[in-house]
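*Asks:* predicted model and sequence below, questions to follow.
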12 protein chains.
Amino acid sequence: MEKILIIHGPNLNMLGKRETGVYGTATLDEINEAVRGIAEELCVEVTIFQSNSEGAIIDRIQDAAGRYDAVVINPGGYTHTSVAIRDAVAAASVPTVEVHMSNVYSREEFRHYSYISPVAVGQISGFGINSYLLGLRAAVEIVRREK
Amino acid sequence: MEKILIIHGPNLNMLGKRETGVYGTATLDEINEAVRGIAEELCVEVTIFQSNSEGAIIDRIQDAAGRYDAVVINPGGYTHTSVAIRDAVAAASVPTVEVHMSNVYSREEFRHYSYISPVAVGQISGFGINSYLLGLRAAVEIVRREK
Amino acid sequence: MEKILIIHGPNLNMLGKRETGVYGTATLDEINEAVRGIAEELCVEVTIFQSNSEGAIIDRIQDAAGRYDAVVINPGGYTHTSVAIRDAVAAASVPTVEVHMSNVYSREEFRHYSYISPVAVGQISGFGINSYLLGLRAAVEIVRREK
Amino acid sequence: MEKILIIHGPNLNMLGKRETGVYGTATLDEINEAVRGIAEELCVEVTIFQSNSEGAIIDRIQDAAGRYDAVVINPGGYTHTSVAIRDAVAAASVPTVEVHMSNVYSREEFRHYSYISPVAVGQISGFGINSYLLGLRAAVEIVRREK
Amino acid sequence: MEKILIIHGPNLNMLGKRETGVYGTATLDEINEAVRGIAEELCVEVTIFQSNSEGAIIDRIQDAAGRYDAVVINPGGYTHTSVAIRDAVAAASVPTVEVHMSNVYSREEFRHYSYISPVAVGQISGFGINSYLLGLRAAVEIVRREK
Amino acid sequence: MEKILIIHGPNLNMLGKRETGVYGTATLDEINEAVRGIAEELCVEVTIFQSNSEGAIIDRIQDAAGRYDAVVINPGGYTHTSVAIRDAVAAASVPTVEVHMSNVYSREEFRHYSYISPVAVGQISGFGINSYLLGLRAAVEIVRREK
Amino acid sequence: MEKILIIHGPNLNMLGKRETGVYGTATLDEINEAVRGIAEELCVEVTIFQSNSEGAIIDRIQDAAGRYDAVVINPGGYTHTSVAIRDAVAAASVPTVEVHMSNVYSREEFRHYSYISPVAVGQISGFGINSYLLGLRAAVEIVRREK
Amino acid sequence: MEKILIIHGPNLNMLGKRETGVYGTATLDEINEAVRGIAEELCVEVTIFQSNSEGAIIDRIQDAAGRYDAVVINPGGYTHTSVAIRDAVAAASVPTVEVHMSNVYSREEFRHYSYISPVAVGQISGFGINSYLLGLRAAVEIVRREK
Amino acid sequence: MEKILIIHGPNLNMLGKRETGVYGTATLDEINEAVRGIAEELCVEVTIFQSNSEGAIIDRIQDAAGRYDAVVINPGGYTHTSVAIRDAVAAASVPTVEVHMSNVYSREEFRHYSYISPVAVGQISGFGINSYLLGLRAAVEIVRREK
Amino acid sequence: MEKILIIHGPNLNMLGKRETGVYGTATLDEINEAVRGIAEELCVEVTIFQSNSEGAIIDRIQDAAGRYDAVVINPGGYTHTSVAIRDAVAAASVPTVEVHMSNVYSREEFRHYSYISPVAVGQISGFGINSYLLGLRAAVEIVRREK
Amino acid sequence: MEKILIIHGPNLNMLGKRETGVYGTATLDEINEAVRGIAEELCVEVTIFQSNSEGAIIDRIQDAAGRYDAVVINPGGYTHTSVAIRDAVAAASVPTVEVHMSNVYSREEFRHYSYISPVAVGQISGFGINSYLLGLRAAVEIVRREK
Amino acid sequence: MEKILIIHGPNLNMLGKRETGVYGTATLDEINEAVRGIAEELCVEVTIFQSNSEGAIIDRIQDAAGRYDAVVINPGGYTHTSVAIRDAVAAASVPTVEVHMSNVYSREEFRHYSYISPVAVGQISGFGINSYLLGLRAAVEIVRREK
């Protein structure tokens, strides 16, 4: 059974409680429940992790090598500023899928550049909760195709 | 039964025949077959269109209003240069999902900017054929959620 | 009797059907009718052409040399991306007036640059249907002054 | 009877006396006469003002609120440098039409950006004296349409 | 008793009469009254000056040397375009506090750069009328600390 | 009694011990004492927090919602690099005042841009310790005005 | 006998009829005749194609694979704007030589960048008709060297 | 006897009283005296004018046509921001020499660009009072050579 | 005996386990051993610290003042993004040597700028493990020269 | 008999000895032999010069005026950095053809700009040795056409 | 008697022989004669040097220290590209005056930046031969004032 | 015994005689003596070369191939402007170490970019004389490791 690590970056613990106009009304718990539902359907095991700390996210990505078959990450605000997370993803040699709930390309200019994108397998953005579910499907497909 | 229009932009008719190192060995026919398979699974009807002509793609997008519930488009090289396709998408008022087979963010600088992204619902890139399949799922989800 | 060619670029066939908040509720037919009204008042003959295709617009501009006394063009989305239309205008040696219905300078950054402006006689933008009518007046004035 | 304020910015008092290759041989008095002619034809009352001083132009624009139905302004060199005139136009809540005699887009790079354009209703440039006449027509049309 | 010069730049005489959504409903007179109230509380004497003219503002700043202990200035639109006011502030050798009623950093890009900021002691922006009152407090504190 | 959270960002614990030419000789304890003095004068309760960790600052801002009436933050070096803190401020829906002791606009180019400014209510910079005191006054004023 | 495809991009059908100061007085027919003369001398077969349509040019390039040994293309205005033609050239895997009649580097800034150059074998520009003849020689040499 | 107009821009009336480290200790009166001394030596008549107002400087330049043989101008802070003064110089058709007392190229970045330079005959900067004296010599030489 | 603090930034704990093509096969332990060997040879005492957390690295740098004679730091990905670490280095007043194992100037554009370089004494990059050993030598030399 | 000067810039003496993957295996002597072969075929006399020194190349270009009918130059690395060679070419009034063996547009960004191109008649790049031979043909054609 | 070194940079030996429309018809010998005439009038000794070689110019500037009281240099094309000449001027500690015959600010963009200007005492450009004569006067004045 | 070539670029012959605040008081002879001391300690043979001429430095680098095991170069001002020296280093296939005495990253913006860095093995800057000594150590280490 494949193992997938889901990483939620900074401020995603506030989902459903903050700017619901931009991010929708679903809470992080509801998202995680939906993720687990799809995981069951796809017969994979998911581990879910959230942190506001760049260092803690790096620790977790490093840790994924050998333990997980793929990573699905929403790097939040660190998407646009963290070379260190990028380096961790590049080093981890675990296929990584980058997801965003909102359509980052219709927001502020500084959200258009992602340090993570060039080292991820692919990106999915703009579909709300569904970005996570599609990201999980994409990750599973990558893992199974490579076998 | 929902109706989805799939648009393949310029040079995608060459898939499987060209630069297979970048785009994989699947031909456009094989992709379309896979798309039709998922469509059946999701119980939606898909129409598929390919053209190398910017004007023909605009004609088709304009035509989609009222006839299709959503559009899934891979605008190919026009992604980065066509304000006219962007305007057509914005005007069509049909929810549109942008897909790319390759990870455009690990390619040349000029492929990082998309005129389509800010007016699409969301983007999916980097998953090969699967970008289309995930894009179709995303489109169907959007249509059904809005009902 | 002077002859003026009116060219409507991509997506202008959707006027009145799309984003009426930006472009108003008049359809292209209503605009053309208003244009013909002013033409009659000014005693000139107008020919009207619309296309979504860059190549077809270039064909038409090339064709204008010797057949028309002036061109009034709303290049739509091609305004900001088409060196080829610019070259056609420069080559045609028919005085050309550029018009836009919306105020392009209060919209997205990429709409502020026009490839056509430096080779046109002048520009008119922001007055809705009236941009066409003023453009026609300007064109007629140029033609009559040069005689 | 509608009242329109015509504002000529810096150096326009030199028209016909300076660089006639760029601006033509008409003097400011001749332009004003032509403007008054059209005003009579359109049954509106025009007041004409010229100043080389940014502050005096701002004073006059502020003063227009409630006294004039529209403003037609050729901001001359202040077009490209004056945030303060822009703020005055935005604050005045009198519809404003920006005009230029020369085609600013075929001149130096720094003349391509206008601080006034985004807060004006529309722009007309490149038609010599006729830019003023078309601008007056545009202004009258706006005022009458809004009634 | 310390003497403070308050300078209001262009268009600030329109406060309360213009764009009240951005600047609030207080008029310049009401602001000046509030400023005088705080001045009394802080036991300082204030002189208040408003002008739309860059030259007049420079004259007044030059004049401040030796007559005032500090200047509080809201340079309005000249903030972003006037090297000459900057030079006057730098030359005056009177400590100067820059204030803005609106949060200039959440407005247009061109309002983010201030020629005055690098030669002022400090800046306060975004607090409406209170920007002036805090600016006056800051100025008084600077003057008294230096004694 | 209103509750205000004061956040000191990275390296501010070194105040008075480091580069006293730039930041003055007051230690963080002395600043906090002065802040508490003003708080008493204004009849508000202040909580003070310092951290060198971006994640810890985000945790604290998230935590402020519902517990504090306003935040006064000096984000230190994170001002110019942290989208994640910006997102936390935007999400917290607690009015936030940004303060800096030094005049950031007379320092290095990269200190001129603040990710926080556009989502804060206002900014105060350049007044040394007094930046905090004015910031606290501004925060209290905002809270009381909104009631 | 080697087969070479010659592609003339937009507006080149106007040669000799337009801006003869920039492009010379030779018509496209005269150029084609000269090209056929050199082809005979070099013992190769040439096919000549002109179109104003980006899509039609892409169709023709795709079609060249397997049918022609090399392509000589003057992409005209599409040189500077067409990612789609670039992608077609890259996909066609037929060696391609880019030619321009005028010296593009002594013209407007936007003509200095070519999307085609990085995927062509080489470029020749500035020699009028001779650019085509030298381009044909270069293409033949490449084909024969590779055998 | 040739007539030369000397124009001192904004803040130059403060010379010798302000930032003497940058501009030296000579007052404007002393400079003017030195200028008059050289004028006598060169047998020309000089008129000297100083203003802090952009509009007043433009008025004076316009007025110079036909009355003066040359202009020597130190545009001060308006050097870097005034298109309107540039237009006045270009329109005046009186040869104009631009002078600066300080070496503007070893000062802030924004002082490196001059709107006046491209329309002046030449520039002299960095020689303190002597910049004026050399500028006067240059102007006289130009006038006499042209006769 | 001099004391030197060696700081390894984010992801350096993965050395020898990740991208060995770029960083070589030596593990962090092996590097530390080599560093200790040189330390012994140079008769200095080294303390070694690694963290993925920006805040923890700042804490450690602050702590170095008075306890260590010099710092040798490889800031990893934080090199290019951390103003806060730069401020800590500038504040610490302990001479700091910046080292990189790979040649950052032959890698991605965003790795060419270092926030740390301007406040470090010097930089060494591109020599693999030897970058650390040379950095330690440089640090010791600085300390001993200053005595 | 026409005389053509061939100039090889810096490092071209290393051809065939260096980076043969980029520049091919032909040595400069072999290139010169091929050049002489074509010269004989075209009945022109060639003089060949190589130098690593910018000054020596300028001396030689200056010297060409009146002695040679045309120059073929491969400016090597000076292409992208030498205004002085550009000025020499512009001053020499001998028609000059710029050649490059590699396709400079598929190499580093800084190789895309040439100071020489705007003052040369035309450019040829990407055809290896053949770039020189085509360049010689182009030069001869220019000389003969002008007679 | 003061000693002044005059340095003419690359291509200035071609004066009067090249582009006389830009640089006038005077030859370098005639300029040098005029320079010697003024030198005599001013009672200084001048040494004149011309070279096309950057290295030779640097050698000569280094050599000037202690032997000459000032340098007048026209760095020609090296003005815009030579950090090495700048460093030589900065190191020489001999006051240096930069002169240009043409008005570099009305020429190509790349001629607007001078590496020499920030380390020279001042600049004079646009006055033809007279630029040298004014430059010599400026240099003598600087030397005599400093005594 | 390994052979190392030490190259000193332009103006380094002035060391100890010029700007000693920036570069220290050691003369080039003293540096060379120190270099020879370390060479003896490391049992390698060093050859030392200085020139102000770009061409001469290129000649010497070309010459190094096959004669030296490594090069240590301080390219001085040519660091930031010479593509030709970069090409020579790349072609020489002798491992090259770039050194700078001053910390180039705390100096002017234009000194932050090095054309040499991407083709050198590594860089060392900021340690005064010691930069050379560390550079020699680095070079020897590279040579010995590769054996």
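*Replies:* Alright, I've got the coordinates.

*Asks:* so where's the longest helix in chain A?
*Replies:* Looking across chain A with DSSP state H, the single longest helix is helix A:129-146.

*Asks:* mind listing residues that contact that helix?
*Replies:* The contact list for helix A:129-146, computed with Cβ atoms under 8 Å, 6 or more residues apart in numbering or on different chains, reads A:2, A:4, A:6, A:24, A:26, A:30-31, A:34-35, A:38-39, A:42, A:44, A:46, A:69-72, A:74, A:95, A:97-101, A:121-122, A:124-125, A:127, B:122, B:124, B:127, B:130, B:134, B:137-138, B:141. Backbone N, C-alpha and C define where each C-beta goes, glycine included.

*Asks:* in helices only, show me the residues you listed.
*Replies:* Those of the contacts of helix A:129-146 lying in helices (DSSP H): A:30-31, A:34-35, A:38-39, A:42, B:130, B:134, B:137-138, B:141.

*Asks:* list the contacts for A:Y78?
*Replies:* Contact partners of A:Y78, counting by Cβ under 8 Å, 6+ apart, are A:9-10, A:54, A:57, A:85, F:83-84.

*Asks:* which of these lies closest to D:Y113?
*Replies:* F:V83 (28.8 Å; Cβ to Cβ).

*Asks:* so the closest one touches A:H112, yeah?
*Replies:* No - with the criterion set as Cβ atoms under 8 Å, F:V83 and A:H112 do not qualify as a contacting pair; they are 12.0 Å apart.

*Asks:* who has more neighbours, those two?
*Replies:* F:V83 (20 against 16; other Cβ atoms under 10 Å in any protein chain shown).

*Asks:* give the contact list for that one.
*Replies:* With the criterion set at Cβ under 8 Å, 6+ apart, F:V83 makes contact with A:77-81, A:110-111, F:115.

*Asks:* please check the residues you listed and keep the buried ones.
*Replies:* A:77-81, A:111, F:115 (16 or more other Cβ atoms under 10 Å in any protein chain shown).

*Asks:* okay if I get these as a markdown table plus pLDDT?
*Replies:* As requested, the buried ones among the contacts of F:V83 are exported to a markdown table (pLDDT from 0 to 100):
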| residue | pLDDT |
| --- | --- |
| A:G77 | 96 |
| A:Y78 | 97 |
| A:T79 | 97 |
| A:H80 | 97 |
| A:T81 | 97 |
| A:R111 | 94 |
| F:Y115 | 97 |
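
*Asks:* grab the nearest non-local neighbour of A:V44.
*Replies:* The shortest distance from A:V44 to any residue other than its chain neighbours is 4.5 Å, reached at A:E2 (Cβ to Cβ, 6 or more residues apart in numbering or on different chains).

*Asks:* tell me, how many residues neighbour that neighbour?
*Replies:* Burial measure for A:E2: 17 neighbouring residues, criterion other Cβ under 10 Å.

*Asks:* same question for A:T25.
*Replies:* Under the criterion other Cβ under 10 Å, the count of neighbours that A:T25 has is 11.

*Asks:* so what's it closest to, chain neighbours aside?
*Replies:* Once chain neighbours are set aside, the closest to A:T25 by Cβ to Cβ, 6+ apart is A:G16, at 5.5 Å.

*Asks:* tell me which two of the contacts of A:Y78 sit farthest apart.
*Replies:* In terms of Cβ to Cβ, the contacts of A:Y78 reach their longest pairwise distance at A:I57 and F:V83, which sit 14.2 Å apart.

*Asks:* re earlier: which ones are touching the residue nearest to A:T25?
*Replies:* The neighbourhood of A:G16, defined by Cβ under 8 Å, 6+ apart, consists of A:23-28, A:30.

*Asks:* again, but for A:S82
*Replies:* Neighbour list for A:S82: A:54, A:75, A:115-116, I:77, I:81 [criterion: Cβ under 8 Å, 6+ apart].

*Asks:* for it, give its distance to chain L.
*Replies:* Between A:S82 and chain L the distance is 22 Å, computed by Cβ to the nearest Cβ, to the nearest Å.

*Asks:* please tell me how far that residue sits from F:T81.
*Replies:* Separation of A:S82 from F:T81 (Cβ to Cβ, to the nearest Å): 10 Å.

*Asks:* okay, and the common contacts of those two?
*Replies:* With contacts defined as Cβ under 8 Å, 6+ apart, the residues adjacent to both A:S82 and F:T81 are I:T81.

*Asks:* sort out which residues of stretch A:131-147 are buried, please.
*Replies:* Along stretch A:131-147, these residues count as buried under the neighbour rule (16+ other Cβ under 10 Å): A:131-143.

*Asks:* now it: mean pLDDT?
*Replies:* On average, the pLDDT along stretch A:131-147 is 94.

*Asks:* on that earlier part again, chain L: which of the contacts of F:V83 is nearest?
*Replies:* Comparing those against chain L with Cβ to the nearest Cβ picks out A:T81 as the nearest, at 21.1 Å.

*Asks:* right, and that closest one touches I:T81 too?
*Replies:* Yes - between A:T81 and I:T81 there is a contact under Cβ under 8 Å: 5.7 Å.
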